[in-house]
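A.B. asks: A predicted structure for the sequence below; I have some questions about it.
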Amino acid sequence: MSFIRPVFRHPESPKNDLGYTRQYYEGALSTLCAGCGHDSISGAIIQACFELNIEPHRVAKLSGIGCSSKTPAYYLGNSHGFNSVHGRMPSVTTGASLANRKLLYLGVSGDGDTASIGMGQFVHVIRRNLNMVYIVMNNGCYGLTKGQDSATADFGSINKSGSANLFQNIDLVGLALELGATFVGRSFSGDKGHLVPMIKAAMAHNGFAFIDVISPCVTFNNNVGSTKSYDYVRAHMEATSAIDLVPEKEEITTSYAEGSTKLIEMHDHSMIELHKLAEGWDPTDQHSAVQKLQESRNKGEILTGLIYVDTESKDLHDLIETVPQPLNTLTEQDLCPGSGTLERINGEFR
Amino acid sequence: MEPTNIKDPEYFHKVVDCQYACPAHTPVPHYIRLIAAERYSEAYMVNWESNVFPGVLGRTCDRPCEPACRRVRVEEKPVAICRLKRVAADNKGDVKQYMPQGPFAPNGKKIALIGAGPAALTVARDLAPLGYELHIYDELPKGGGMMRSQIPSFRLPMEVLDEEVNFILDLGIHQHFNTYVSSMREVLSKDYDAIFVGTGAPRGRALTDLPGYEEVKANVHVGIDWLSSVAFEHTEKIGRRVLVLGGGNTAMDCCRTSRRLGGEEVKVVVRSPFAEMKASPWEIEDAQREGIPFYNNHVPKAFVAENGKLCGMTFTKVEPVVDENGKRKMVPTGEPDVFFEADDVLVAIGQENSFPWIERDLGLDFDRWDLPVLDPVTHQSTLPNVFFGGDAAFGPKNVITAVAHGHQAAVSIDIFCTGKNLHKDRPDPMTNLVSQKMGIHEWSYHSQVTDDHRFAVPHADNALALKDRKLEVELGFDPATGFKEAQRCLNCDIQTVFSESLCIECDACVDICPTDCITFTVNGEEEDLRTRLSAPANNLTQDLYVSDVLKTGRVMLKDENVCLHCGLCAERCPTAAWDMKKYLYSVTKAGHQCFSEL
């Protein structure tokens, strides 16, 4: 088995505005199973960061425990990273974000790490609208412990040993919408054309951006009867729209039929461009999103795409009114302005 | 695009760039792996079957394989293929036991081979085991042709050449050395079933019309004739000051030989600019290492005599100028002529074919360049029982081309003698495609790509080398360095083979490929597809491997250009839709495959 990736790259590899090739955003060689959906998500994260001209040292990648949470080793080798405790990635990210609000926080988690042990953390980080991208690599099973059904396994989905799941599933997208998440999307690891712009849009969002990525487990949950297999997901995807993120400086050039396209201006003035939009559908209206999600669930479809976005979102730092400067850079002088200032303040209350 | 037909023997052959570029199509990566495994005798035999003279070619080949090496497309220098061949030859054991063992049951056919150079010897080797009675004629006392007469011993030791020529002669070839064939009519009148002509390009161009030539001609020599007379020890000395005219490999051999025969001030004077010299870069380097200066852009003007004896030459200085039609011309600079002193002049400005012994009324046609009219595939002349090969066929080339010609001519002669059609009944090349999977993520070849740079070959000490004409200058890799150099090979013959029916389109191969070779996209025209791949596919000489339509309606596209054959796509493939398969391509050979390395 190869554990060394050759050093050679394509001699004409494209460079981004920073002069980096995609290689600069790579990590170590993956040790996940061959064909794991998670590796494709890692590939999509690399591609998104490359295309957005992100400086790797401005990114912190965080994770909990599980197959999914191993992946930060496999992308952005030049970024900061924290592989935290099982289900506790949101707390660690919250702490990190409070200390330094200037970094881009990219958390990855799995269905077990989020919907089981980490459920308490997940709902609270949504409630606080922490400014981060939260990707769930959702394969509906506990791959690291040989494929038991997880909390996101669909009711009736058949696992590799042939038994159907007896329990109702937790739909993380529905839950996130219910709790007021300000950016909610769903994508599929087997469709990079969709996943890469979705990650880019999430990175442009100010506030909590949640993407549920269906990521088939080739070893334990890619069998006939599983609702998280490559074939099943491909056959049952119902896209709300195709998505594109256009940076602020670029002009939008593509044109589509009237009514089928929607432009959404993001906090950083880049534009999300949605085209081939589903009928009677407004991704900026939470009610419409909840309704659409319910409809497709009733039809047995998997709704993908940007499901809801609130562009006016206020993130945790806005809500608690911290100073713009990262807290970890405040000096003693900033924090303890001295007795003169104290006396002046006290004087105001005399 | 249509799905790639990987059953076409030439498709995967083309992916093995070195083998494809080799005129004899020697399976290079195959023998390089054998060298890495210290299986030198087997490596030698793979070569011997394909190119007949591994020891000779491991020292003197023109190496068309090396510029083609895939490695130059991802880093600076190719694998030292030629020098690895020599490692196999230097370290081989008793290889004779693996060669066809005579005497062979006669098939009643009798063939004449005119000339005993690489082409004719190849024909002899290919036909002898089939039972042909082979008669080889050469005016020189020993076999080898230009390999013996023109390649100096300090590049090719006599023992190496003797051994490989004798491997062939020992197959029971009837030898007629020291026999100059002066009439084709006479050969035709004998009872030969077919005649092969491999008489090379024996005439070196001279400068007899240059002013002053007549007076000094005793000290003006034609390069190839002079080298030959040195090789056969008729010439043992040259003057102190020597001018060598010409910029090809013969000129390099002339100047270096002069340095060993008493030439102290040896200069190479060339008409063209340095960058356009025809000599192989490594031969130029070797000459420079021996302290020989090059004077480029100098056109010979006249021989100068003093007291009836050569004292030097004058040259006109020129420079390259591009005219309005975009054609480059050498135009005099107007500077005063240059005079170089000389005691001897060696003229090495090209050689040409010459067939004074072939009567022109035999029905054997010649074209306007006085070359025989031949079928380019079968090498058959307009006289159906006469075949040509080597430099005699299509003009001066090199040893490896002569060998390739020999194989094809042997196939033709064999078909001709059995009364079949030379085109229709020509056998196909032998091909073989076998999976190299040994287990999960395990291959039978060393799939890791090493990032070592090309290793340099050691040379004999200059002072010693210049004293002894027969002391070999290049010393070859020792086995340890040979191993390291062999590991640089990218194993381009281990093909990435894709099975549509197994693919689940998980993208794992796309993500892992270090050189972005693989793309899954909607099919289109090639021109359009080349712009839509993971990385630019601008090398139009390299094919795109296209699959049939997959479940999602897309196709798999692989740009073969910079594939490292690292096997990562196949390792990351959960369904074995990618497999690494070793492709062996053996050129059509005469008769049945009575000896094969497998």
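C.D. replies: Cool, got the structure.

A.B. asks: distance between stretch A:97-115 and the chain's centre?
C.D. replies: 9 Å (Cα atoms, centre = their mean, to the nearest Å).

A.B. asks: and the residue of the stretch 201-350 of chain A found nearest chain B, what does it touch?
C.D. replies: Nearest to chain B in the stretch 201-350 of chain A, going by Cβ to the nearest Cβ, is A:Val218, at a distance of 4.3 Å. Every residue, glycine included, has its C-beta placed from N, CA and C. Residues in contact with A:Val218 (Cβ atoms under 8 Å, 6 or more residues apart in numbering or on different chains) are A:33-37, A:230, B:504, B:506, B:574.

A.B. asks: of all those residues, which comes closest to B:Phe394?
C.D. replies: A:Ala34 (50.9 Å; Cβ to Cβ).

A.B. asks: Next, the closest one: secondary structure please.
C.D. replies: coil (DSSP: H, G, I helix; E, B strand; the rest coil).

A.B. asks: what's it sitting at in phi/psi?
C.D. replies: phi -60, psi 130 (degrees, to the nearest 10).

A.B. asks: Could you give the number of residues near it?
C.D. replies: Residues lying near A:Ala34 (other Cβ atoms under 10 Å in any protein chain shown) number 24.

A.B. asks: so the residue of the stretch 201-350 of chain A closest to chain B, which of the three states?
C.D. replies: With three-state DSSP as the criterion, A:Val218 reads coil.

A.B. asks: Phi first, then psi, for it.
C.D. replies: Torsion angles, degrees, to the nearest 10, at A:Val218: phi -70, psi -30.

A.B. asks: so how far is the helix or strand where B:Phe387 lies off the chain centroid?
C.D. replies: If you go by DSSP states H and E, B:Phe387 is part of strand B:386-388. Chain-centre distance of strand B:386-388: 21 Å, with Cα atoms, centre = their mean.

A.B. asks: what's the helix or strand that it is followed by packed up against?
C.D. replies: As assigned by DSSP H and E, the chain's next helix or strand after strand B:386-388 is helix B:391-394. With contacts taken as 3 or more Cβ pairs under 8 Å, 6 or more residues apart in numbering or on different chains; DSSP states H and E, helix B:391-394 sits against helix B:118-127.

A.B. asks: avg pLDDT for the helix it packs on?
C.D. replies: Averaging pLDDT along helix B:118-127 gives 97.

A.B. asks: Check stretch B:277-295 too.
C.D. replies: 94.

A.B. asks: end-to-end on that stretch?
C.D. replies: Taking Cα to Cα, to the nearest Å, stretch B:277-295 runs 11 Å from one end to the other.

A.B. asks: burial count for A:Asp334?
C.D. replies: Neighbour tally, A:Asp334, other Cβ under 10 Å: 11.

A.B. asks: So which bits of the host helix or strand of it are buried?
C.D. replies: Here A:Asp334 sits within helix A:332-335, counting by DSSP H and E. When neighbours are counted by 16 or more other Cβ atoms under 10 Å in any protein chain shown, no buried residue of helix A:332-335 is found.

A.B. asks: cool, stretch B:292-312 as well?
C.D. replies: B:292, B:294, B:296-305, B:310-312.
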